[in-house]
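Chemist: I need the structure of the sequence given here:
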Amino acid sequence: MNNLYQLAKDCFLMAAPDDKIALTYSTAAAWQAGQLEWREGDTPLLLNEPGRLEQPEIVMPRDLPKRNVGGEQGRAAMIHAMAHIELTAINLAWDSIYRYRDMPRAYYDDWVQCAKEEAGHFEMLRQRLREMGYDYGSFPAHNELWKMAVTTADDLMDRMAIVHRVFEARALDVVPNTLERFDQLGDHEMVKTLTVICNDEIGHVSAGTRWFHYRCEQEQLDPDATFFILLKRYLKRPLKGPFNHDVRLQTGFSKNELDYLEQQWH
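Modeler: Okay, here's the model as predicted:
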């Protein structure tokens with residue numbers, strides 16, 4: 001029987017996006033059909049860099065050109081930035097499977113499903129880029145999300161709190177406004193795509209919350225107080241709002257956490 005951890009590693013290290021997507025789908029299908037071993041596996045290696053091609057060029061966020069979504073090229077650049085985040089999220093999901101062992105089966109269910117959905121997001125965004133005459137790799141991208149994944153890699157609790165409940169949760173706040181801007185521009189395909197992404201991200205952030213709370217319970221820690229400590233440990237400055245309270249509450253944020261974020265921001 002094939003092994004989930006080995007296939008997660010293969011997906012993570014696959015460089016070509018098309019191959020990564022195809023292997024992600026086949027691995028997810030095999031896992032969901034009960035065809036993969038997961039209680040045994042080799043000791044995880046230190047995998048700090050996913051497989052990637054030479055393009056897109058990776059630059060610092062400050063070196064990215066400003067995007068004017070009113071113009072065709074600016075709109076394409078924004079879609080490209082979202083596609084890069086989705087591809088990074090696929091790598092994140094597989095890394096969270098490969099790196100963290102001895103978790104309940106439901107943990108692996110969550111992140112396999114997440115990898116599958118992020119692959120779908122990437123495909124939809126890439127298709128829109130191609131319709132506009134561009135492709136993934138046409139614009140530079142930054143790697144801040146992956147840098148934080150490496151920074152938090154040694155502790156599952158920190159990874160869930162910061163990568164998923166801070167970085168990924170930003171999509172809950174900003175994607176609805178982005179969707180509205182594309183709607184005003186008459187880009188109905190992007191409206192459909194962003195609607196799917198909005199709905200799926202609720203599940204992904206909920207999974208981050210679920211396993212953050214799981215680890216807090218194991219270590220007998222108060223999740224709200226622990227989240228506040230981790231925010232101060234990993235972030236150089238308070239999170240910028242406004243925050244989508246209704247959706248964040250759906251993903252397991254407490255009112256206490258949201259009040260704290262608002263106070264920090266203001």
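
Chemist: what segments of the chain are helices?
Modeler: Listed in chain order, the helices found in the chain under DSSP state H are 4-13, 17-32, 72-99, 105-131, 144-151, 156-158, 170-184, 188-218, 223-234, 245-250, 255-265.

Chemist: where are the low-confidence patches of the chain?
Modeler: Filtered on pLDDT under 70, the chain yields the residue ranges 41-43, 69-70.

Chemist: to Pro56, which of the helices of the chain lies closest?
Modeler: helix 72-99 (6.6 Å; CB to CB). For every residue, glycine as well, the C-beta is placed using N, CA and C.

Chemist: circling back: what about the helices of the chain, which gets the closest to Glu57?
Modeler: Closest of these to Glu57 is helix 72-99, at 11.0 Å (criterion: CB to CB).

Chemist: next, the angle from that closest one to helix 170-184.
Modeler: In terms of direction (axes from the mean of the first three to the mean of the last three CA atoms, to 10 degrees), helix 72-99 departs from helix 170-184 by 150 degrees.

Chemist: what packs against helix 72-99?
Modeler: Applying 3 or more CB pairs under 8 Å, 6 or more residues apart in numbering; DSSP states H and E, one finds that helix 72-99 contacts helix 4-13, helix 17-32, helix 105-131, helix 144-151, helix 188-218.

Chemist: dump the helices of the chain to TSV, plus mean neighbour count.
Modeler: Output for those, formatted as TSV (neighbours: other CB atoms under 10 Å):
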stretch	mean neighbour count
helix 4-13	22
helix 17-32	18
helix 72-99	23
helix 105-131	20
helix 144-151	17
helix 156-158	20
helix 170-184	16
helix 188-218	18
helix 223-234	16
helix 245-250	16
helix 255-265	15
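
Chemist: alright, I will stop here.
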